[in-house]
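Undergrad: Would you be able to build a 3D model of this:
(one chain, ligands or ions: 2)
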Amino acid sequence: MSAQREMKEKNPWHTPVTIIITVIGVIAIVALVTVAVLQNRPLPQKYKYGIVLDAGSSHTALYIYEWPAEKDNNTGRVEQTHSCKVKGPGISSYASNPLKAGESLRECMQEAEQRVPGKRHHETPLYLGATAGMRLLNMENSVASDKVFQAVEEALKKFPFSYQGARILSGQEEGSFGWVTVNYLDDRLKQGLETTGALDLGGASTQISFVSDNYNGSESPRNSVTFRLYGNDYNLYTHSFLCYGKDQALRMTLAHQSQAGPGTVLDPCFHPGYTETKNYLVLYDSPCVSDRKPQGAPATFNHSGNGNFLECQKNIKSIFDFNSCKYSQCSFNGVFQPLLQGPFGAFSAYYFVMNFLNLTNTSIPLDTVKEKLKDYCATPWNQIRQQHPNIKLKYLAEYCFAGTYILTLLTEGYNFTSESYSDIKFIEKIKGSDAGWTLGYMLNLTNMIPAEAPDSPPLPHAGYVSIVSIIAVLIFILFIFSLRPLWPRCSKHPQIV
Ligand SMILES: Nc1ncnc2c1ncn2[C@@H]1O[C@H](COP(=O)(O)OP(=O)(O)O)[C@@H](O)[C@H]1O
Ligand SMILES: [Ca+2]
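TA: Ligands and ions are numbered 1, 2, ... in the order given. Okay, here's the model as predicted:
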């Protein structure tokens, strides 16, 4: 008993000096770490907002983007928080009643007023970009397109946002900003990773944009767009085919068939049993087909389907010119295209159509995809309608054509093969944001992607706190050891008295 007591009494850690040092040391460490944690705690997040209206040929959509206020330049952080589909057709359809174009945007704009916090309204930039529908209207009737823009501008200026203008995007801008969006959302730009090509299919035009090792912009410079983003140079190949969006392509295919003679068009791209009376004037009311208008045609024609994939593909091929090419290689219509280099993201109508047809999985062999589409096109129209009672009839009637057009455009037009077909991914969204040109357009106009790589703190906050804590503990232990001479002596073998 007494030996144990002696040992306890002689334990050097139980002397008042070391106890006091320990207590002060622990308090000092807690204080140091607390100060470090509080001082460097990330500030409560405040957000900034941006609004882009995508005035497409078939409809207008509004997108709201949000990013942390402190990190304008630190990318990969802008996200789409809301989207609103404007009711009614695209703004180019209001050529004869421009005021209605402005009015049509009101509901979505009011929604945006609710979604963006009031105190941010005045600093929130608002852009409207119009694509191929307005490009065509501008070609056809520039006075009408100016009036539409005027009406749209007046309507948008009534809202409390920072209005930055409405304009028609060039085909190159549409293609390249789609490419920026896809690669930004995938975090490929900031990390300098290999990029993804972008395939956008609209109603009135279609875009292809990708980086190819064998393209430096010297052959066909009009297809070249260069970007310097986060310290990396990109030489992008991009082309926009006006009239090769799926709605205008359908018009061209129909116009080609109705040249056989007025009356009835028996269309292999429509289901057997499908039959509609259509108006020649409506069909030819577009610069994409106006020169093919037959002379002395009756006002209407009967459009009936017989559902034949191969025949449909043959008709679709007739709207492509595969013969003229003054470059080393071309896609179609004499347009230069370098060697395809994947991967590719295909969005907008590419996704809507392939998703409806259950064909978004590109690891299915191309021949099987074609077989499935063949069966789908041959299905009677009545059966299709019964199976899909909730799908808009106009879309439903056209999925056979649209699917066949997509496969033809990809394989015959852009030269995707059975192997490279699997490099394509049909996508709608990336990390919650829609794939499309709008985000890239806003990032560019707000200078949100720096040319050089931003300086980033060498350590994340949690790493910083851990290192400060470990170093503080180590210093404390060293300190205790430096006080060794002050420690009371302790004998190796306790003596029994
Ligand atoms: N659910 C859907 N199913 C099929 N097609 C769709 C669907 N939603 C939109 N689309 C089509 O996507 C295309 C979008 O094109 P849009 O952006 O309006 O034209 P552009 O980009 O040529 O100006 C249109 O052809 C439209 O009909
Ligand atoms: Ca579009």
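
Undergrad: switch to C-alpha atoms for all contacts and neighbour counts from now on
TA: Noted.

Undergrad: Which pLDDT value does the model give residue 277?
TA: pLDDT, residue 277: 95.

Undergrad: Name the helix or strand for the closest residue to it other than its chain neighbours, please.
TA: Residue nearest to residue 277 in three dimensions, not counting chain neighbours: residue 302, with 4.6 Å by Cα to Cα, 6 or more residues apart in numbering. In this assignment (DSSP states H and E), residue 302 forms part of strand 300-305.

Undergrad: check contacts around the residue nearest to residue 277.
TA: 263, 264, 265, 275, 276, 277, 278 (Cα atoms under 8 Å, 6 or more residues apart in numbering).

Undergrad: and with 10 Å instead?
TA: Contact analysis of residue 302 by Cα atoms under 10 Å, 6 or more residues apart in numbering lists 262, 263, 264, 265, 266, 275, 276, 277, 278, 279, 280.

Undergrad: where does the last one fall, phi/psi-wise?
TA: The reference is to residue 280. Phi and psi for residue 280, reported as degrees, to the nearest 10, are phi -60, psi -40.

Undergrad: The fifth one now?
TA: Main-chain torsions, residue 266, degrees, to the nearest 10: phi -90, psi 110.

Undergrad: Same question for the second one.
TA: According to degrees, to the nearest 10, the main-chain angles of residue 263 amount to phi 120, psi -100.

Undergrad: quick one, what contacts it?
TA: 277, 297, 298, 299, 300, 301, 302, 303.

Undergrad: Ok, the third one next?
TA: Residue 264 makes contacts with 257, 258, 275, 276, 277, 278, 300, 301, 302, 303, 304, as judged by Cα under 10 Å, 6+ apart.

Undergrad: picking up where we left off before, which of the contacts of residue 263 count as buried?
TA: Buried by 16 or more other Cα atoms under 10 Å: 300, 301, 302, 303, out of the contacts of residue 263.

Undergrad: and of these, the nearest to ligand 2?
TA: Proximity of those to ligand 2 (Cα to the ion) peaks at residue 303, which lies at 27.1 Å.

Undergrad: As a markdown table, the contacts of residue 302 with secondary structure would be great.
TA: A markdown table is the format used below for the contacts of residue 302 (DSSP: H, G, I helix; E, B strand; the rest coil):
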| residue | secondary structure |
| --- | --- |
| 262 | coil |
| 263 | coil |
| 264 | strand |
| 265 | strand |
| 266 | strand |
| 275 | strand |
| 276 | strand |
| 277 | strand |
| 278 | strand |
| 279 | strand |
| 280 | helix |
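
Undergrad: Tell me the first helix or strand C-terminal of the longest helix along the chain.
TA: Looking across the chain with DSSP state H, the single longest helix is helix 16-39. Next helix or strand after helix 16-39 toward the C-terminus (DSSP H and E): strand 47-55.

Undergrad: Counting by contacts, list what that next one packs against.
TA: Counting contacts by 3 or more Cα pairs under 10 Å, 6 or more residues apart in numbering; DSSP states H and E, strand 47-55 packs against strand 60-68, strand 79-85, helix 106-115, strand 125-130, helix 132-140, strand 162-168, helix 437-445.

Undergrad: swap the cut-off to 6 Å and go again
TA: strand 60-68, strand 125-130 (3 or more Cα pairs under 6 Å, 6 or more residues apart in numbering; DSSP states H and E).

Undergrad: quick check, residue 88 in a helix?
TA: No - looking at residue 88 with three-state DSSP, it is coil, so not inside a helix.

Undergrad: Now do it, the pLDDT please.
TA: The model reports residue 88 with a pLDDT of 97.

Undergrad: same thing with residue 465?
TA: Residue 465 is given a pLDDT of 67.

Undergrad: and the stretch 151-300 of the chain, which of its residues are near ligand 1?
TA: By Cα under 6 Å from any ligand atom, the residues of the stretch 151-300 of the chain that approach ligand 1 are 202, 203, 204, 205, 245, 246, 247.

Undergrad: For ligand 2, tell me which of those show up nearby.
TA: Contacts with ligand 2 within those, counted by Cα under 5 Å from the ion: residue 202.

Undergrad: Cross the residues of the stretch 151-300 of the chain next to ligand 1 against helices and list the overlap.
TA: Judged by DSSP H, those include 246, 247 as members of helices.

Undergrad: any idea which of the residues of the stretch 151-300 of the chain next to ligand 1 is closest to residue 315?
TA: Nearest to residue 315 among these, counting by Cα to Cα, is residue 246 at 14.0 Å.

Undergrad: Per-residue pLDDT of the closest one, please?
TA: According to the model, residue 246 scores 98 on pLDDT.

Undergrad: which residue is nearest the middle of the protein?
TA: In the chain, the centroid-proximal residue (Cα atoms, centre = their mean) is residue 435; its distance is 2.0 Å.

Undergrad: Can you pull the phi and psi angles for that residue?
TA: phi -80, psi 130.

Undergrad: Just want the angle from the strand holding residue 302 to strand 275-279.
TA: Relative orientation of strand 300-305 and strand 275-279, computed by axes from the mean of the first three to the mean of the last three Cα atoms, to 10 degrees: 150 degrees.

Undergrad: Could you pull out the buried residues of stretch 407-427?
TA: 407-416, 420-427.

Undergrad: Go back to the residues you listed and keep what's next to ligand 2.
TA: When Cα under 5 Å from the ion is applied, no member of the buried residues of stretch 407-427 is adjacent to ligand 2.

Undergrad: from what I can see residue 331 touches residue 412, true?
TA: No - at 8.1 Å, residue 331 does not count as touching residue 412 under the criterion of Cα atoms under 6 Å.
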